[in-house]
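Asks: Need coordinates for the below:
(one chain, ligands or ions: 1)
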Amino acid sequence: MKDRLEEIRVEALKTIDAAQDLAEVEQLRVKYLGRKGLLTEVLRGLAQASAEERPALGKAANDVKLAIAESLDNKKVQLSASQEASAARTERLDLSLPGRKPLRGHKHPVMRVAEEIIDIFTQLGFQVATGPDVETEYYNFDSLNTPEDHPARDLHDTFFVKPGVVLRTHTSPVQMRVMERTQPPVAVIAPGRVYRVDQDASHSPMFYQIEGLLVDKGITFADLKGVLMLFIHRYFGPETQLRFRPHYFPFTEPSAEADISCTVCAGKGCRVCKHSGWLEILGCGMVHPEVFKYANYDYETYTGFAFGLGVERIAMLTHAISSIHYLYENDLRFLEQF
Ligand code: DAH
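Replies: The predicted structure is shown next:
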């Protein structure tokens, strides 16, 4: 067995020395040291050796193994060095090649749409206001003329944080927070996240709204119509039509939902507008006197309008997106299209 070991050592070192490239070195490693390699085979034979012989044979086998491993390592280093040297001689650095572009992030489509909408209103003189996502029931409901037992509370499937505290179900509470600290005239726009226990193709438990509020002496529904019309024309284009449908909200009177002529079929009727020619885009109305009472505004002197729109819905209309969930799956194949 000793002789066989010596034989393997001599042969291995010779062939390794003659190896031409790294692939060949790897082949030799497998041939001698691999799980089915020559050396492993010999080591298996150790089991048959007598107890006196075994330690010496074991040591000899190990020495051979180390010698082969070292020689493989040396050969590898030597070959890679000469490969690099020859590459340096034959390859040229092309300074005219364009650089590699680093991957760049960009704004999420919902944020882009929100910013475009906010821009239009700030150009009209509205100021941006914000409020907390975790809101008291007082601001989210009571002060907006929606008391505890009011059926309109059921329309919002509310996430409760603890008794009296909710994740806001709409951005309307910002109206009250602004009025509490400002005297009229007031013209604000309040973008932010809102939350509802709701999930299907057009609803997500978290979504964005933009709230608008304008209060001054002599504000009428005609002002609401004028401002919304201007917004619609700037955002969707001057050919877009606007219509109001009577509706109910506790915090406005009268209240309406506003529709625009379908941006896909221009009102002719298609799948997107469910063949009605119209798309609902926001809720609005004249601020309810009860709401002014909570704000300590004199409702004999001041009137105002308010509206609230869903940003995802507008983003979906703008970019023909069929499900709100595409917006929140963070799939780069989707997001990179914007
Ligand atoms: N807060 C309402 C909602 O989330 C939307 C809304 C309707 C806001 C009428 C308003 C308004 O300011 O006047 O459904």
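
Asks: who touches the residue in the stretch 101-250 of the chain positioned nearest to the ligand in this structure?
Replies: Nearest residue of the stretch 101-250 of the chain to the ligand (CB to the nearest ligand atom) works out as residue 170 at 3.3 Å. Every C-beta, even on glycine, is put in place using the N, C-alpha and C of the backbone. Neighbour list for residue 170: 140, 156, 194, 209, 211, 308 [criterion: CB atoms under 8 Å, 6 or more residues apart in numbering].

Asks: With residue 192 instead?
Replies: Contact criterion CB under 8 Å, 6+ apart gives 130-131, 133, 168, 171, 174, 208-209, 211 as the residues in contact with residue 192.

Asks: For the residue of the stretch 101-250 of the chain closest to the ligand, grab phi and psi.
Replies: Per-residue torsions, residue 170: phi -160, psi 170 (degrees, to the nearest 10).

Asks: Could you do residue 212 as well?
Replies: Taking degrees, to the nearest 10 as the convention, residue 212 sits at phi -130, psi 150.

Asks: Dig out what it forms beta bridges with.
Replies: For residue 212, the beta-bridge partners under DSSP bridges are residue 189, residue 307.

Asks: which ones are touching it?
Replies: Contact analysis of residue 212 by CB under 8 Å, 6+ apart lists 121, 126, 188-190, 227, 305-308.

Asks: can you list the contacts of residue 170 in CSV and add pLDDT?
Replies: Putting these into CSV (pLDDT from 0 to 100) gives the following:
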residue, pLDDT
140, 96
156, 70
194, 97
209, 98
211, 98
308, 98
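
Asks: Quick check: the farthest pair among these?
Replies: 156 and 211 (14.6 Å; CB to CB).

Asks: Looking at these two, which is more packed in?
Replies: Between residue 156 and residue 211, counting by other CB atoms under 10 Å, residue 211 is the more crowded of the two (24 against 19).

Asks: so the more buried one sits right up against residue 310, yeah?
Replies: No - judged on CB atoms under 8 Å, residue 211 makes no contact with residue 310 at a distance of 11.0 Å.

Asks: After the helix or strand of the chain with the lowest mean pLDDT, which helix or strand is next?
Replies: Among the helices and strands of the chain, helix 38-44 carries the lowest confidence by mean pLDDT, DSSP states H and E, at a mean of 81. Note on helix 38-44: by DSSP states H and E, the next helix or strand toward the C-terminus is helix 54-90.
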